[in-house]
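> I'd like to go over a predicted model; first the sequence, then the structure.
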Amino acid sequence: MKKFFIFLGLIGILYTSYIFFFRGSLIVSEKSPCGDDYHLYAYLEPMWFAMPGGGGMGSKSVKIQVRNRWGFLVGETNKDCYTFYDSLKISWDCKAHLLNFSVARTIDLKTGECGY
């Protein structure tokens, strides 16, 4: 029984350290104006090392997730399609089913692909 509680304690410590060190902080949570079918969540990625004069808040990368009304992931940004905090400009194109989140950066709401 003692080993079980030690195991649970270690799991709790690992989960807490994941939340504090690896998880980004939510900066934008927005519903789609296209009938509330989609939800956008933008997270600041944690920055482990920064040089003085390295751009400050504007040079932090932003991870964007789009989920449908049931909470399932539709699309997200990755290492090939990302943006920085200072260039984040969100606009919804309901007719073309696109989410524009930066200059020439889009997420297709039907396929979930991130494009230029």
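Here it is on my side, so go on. Residues are numbered from 1 along each chain as shown.

> in terms of contact count, name the helices or strands touching the helix or strand of the chain with the lowest mean pLDDT.
Scoring the helices and strands of the chain by mean pLDDT, DSSP states H and E places strand 114-115 at the bottom, with a mean of 83. Using 3 or more Cβ pairs under 8 Å, 6 or more residues apart in numbering; DSSP states H and E, the elements in contact with strand 114-115 are strand 105-108. C-beta coordinates here come from the backbone N, C-alpha and C atoms, glycine included.

> Residues in contact with the strand it packs on: which ones?
64, 66, 74-77, 81, 83, 97-101, 113-116 (Cβ atoms under 8 Å, 6 or more residues apart in numbering).

> let's go with 10 Å and repeat that
38, 40, 64-66, 74-77, 81-83, 87-89, 91, 93, 96-101, 113-116 (Cβ atoms under 10 Å, 6 or more residues apart in numbering).

> Among those, the buried ones, what's the PyMOL command?
In PyMOL, selecting the buried portion of the contacts of strand 105-108, with burial taken from 16 or more other Cβ atoms under 10 Å, looks like this:
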select buried, resi 38+40+64+66+74+75+76+77+81+82+83+88+97+98+99+101+114
